[in-house]
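Participant: got a predicted structure here, sequence first:
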Amino acid sequence: MGHYRAVSQSYTACFASLGYLHNQTSNIYTHLIASVVFLGWAVQTFNDVLTRYSTSEFNDVLVFGVFFACAAGCFGSSALFHLFANHSAEANGKWLLFDLYGVFGLISATIVSGAYYGFYCDRAWWLAYSGGIIVISALCGLFCTLPRFRHHSWRNVRAVLFVLIGCYGILPMNHVAQRWGRHKVNEMIGWEILRWEGVSYLAGALIYCFRIPERFTPGTFDIFGASHQIFHACAVLGAVLHYQALLVGFDYSHNPSTRQCEYSSG
């Protein structure tokens, strides 16, 4: 099988595969490293960033905490899925479910945290948009429990579903832009950063769906450069960009020179 691992029926053997090169090595390490990095950023953010201003409140800790937990959880569950993918068909299906839950969690956390600073002075809208994405993600999570949805033949359907759910985030962002104007919103929440975040996620999903570049030269990218690996890299880049946008939103909302309200109006 070349660079492909055989079915092992052993978690010990799966862990041992961390020490040699195979077709899942890049998929495992891209998200394993990303998970650790986001946990490190969480510690640094809570210790250094969120203590910058006396106006920082519990909700700031909450939205950053939820984002970091979901980012680290998403990438961590993805790494574990790819690590244990060759254990057995049953284990593969179970770990794929955790992987999918992680994706839905990160999408929800991204929209909830981004909308928080977009509607910092109007918490009612933040709660409305947050409630919407949480309900949608929960329903999708229930749908994922169907074994058919986790079958390999449904990989493109899953990718399209991720994109459609992510597009929900366009609603609160456009709402904020219509209210304040894009130039102002760029100062408030890093509109341009969020736009590139969306481009990164969308590009990754399209590359994944169309299996670029391995569809052109099968076997050439089994180890490095396959569509799934590019998809992983785009997901990490999108999360990194979102973190940068959250920092913009936090500073704008609490810096005395830009802070617009002392409490929510909703």
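Facilitator: That came through, no problem. A quick note: this is a predicted structure, and the numbers were derived from the prediction, not measured.

Participant: the helix or strand of the chain with the lowest mean pLDDT packs against which elements?
Facilitator: Lowest by mean pLDDT, DSSP states H and E among the helices and strands of the chain is helix 155-167, with a mean of 85. Counting contacts by 3 or more C-beta pairs under 8 Å, 6 or more residues apart in numbering; DSSP states H and E, helix 155-167 packs against helix 89-118, helix 123-144, helix 191-210. Quick note: C-beta positions are derived from backbone N, CA and C, even for glycine.

Participant: just the buried positions in it, please.
Facilitator: By neighbour count on 16 or more other C-beta atoms under 10 Å, the buried set for helix 155-167 is 158-159, 161-163, 165-166.

Participant: got those residues as JSON lines, with distance to residue 181 columns?
Facilitator: As requested, these are arranged in JSON lines below (distance: C-beta to C-beta, whole Å):
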{"residue": "158", "distance to residue 181": "37"}
{"residue": "159", "distance to residue 181": "34"}
{"residue": "161", "distance to residue 181": "33"}
{"residue": "162", "distance to residue 181": "30"}
{"residue": "163", "distance to residue 181": "27"}
{"residue": "165", "distance to residue 181": "27"}
{"residue": "166", "distance to residue 181": "24"}
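
Participant: just those residues now: which is nearest residue 35?
Facilitator: residue 162 (18.6 Å; C-beta to C-beta).

Participant: picking up where we left off before, buried deepest among the helices and strands packed on helix 155-167, which one?
Facilitator: helix 89-118 (a mean of 22; mean count of other C-beta atoms under 10 Å).

Participant: and that one, what does it pack against?
Facilitator: Counting by 3+ C-beta pairs under 8 Å, 6+ apart, helix 89-118 packs on helix 58-84, helix 123-144, helix 155-167, helix 170-180, helix 182-189, helix 227-254.

Participant: identify all contacting residues around the shortest one.
Facilitator: Taking contacts as C-beta atoms under 8 Å, 6 or more residues apart in numbering, the residues outside helix 182-189 that touch it are 114, 117-118, 173, 176-177, 180, 191-192, 245, 248-249, 252-253, 258.

Participant: now do the contacts for the nearest residue to residue 101 once chain neighbours are set aside.
Facilitator: Of all residues not flanking residue 101 in the chain, residue 141 sits nearest, at 5.8 Å (C-beta to C-beta, 6 or more residues apart in numbering). Residues in contact with residue 141 (C-beta under 8 Å, 6+ apart) are 100-101, 104.

Participant: and those as TSV, adding pLDDT and distance to residue 234?
Facilitator: Below are the contacts of residue 141 laid out as TSV (pLDDT from 0 to 100; distance: C-beta to C-beta, whole Å):
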residue	pLDDT	distance to residue 234
100	92	17
101	95	20
104	94	17
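
Participant: sorry, back to before: out of the helices and strands packed on helix 89-118, nearest to residue 199?
Facilitator: helix 227-254 (8.6 Å).

Participant: tell me what that closest one is packed against?
Facilitator: Using 3+ C-beta pairs under 8 Å, 6+ apart: helix 227-254 touches helix 25-44, helix 58-84, helix 89-118, helix 182-189, helix 191-210.

Participant: give me the low-pLDDT residue ranges for the protein?
Facilitator: Applying pLDDT under 70 to the chain picks out residues 1-2, 262-266.
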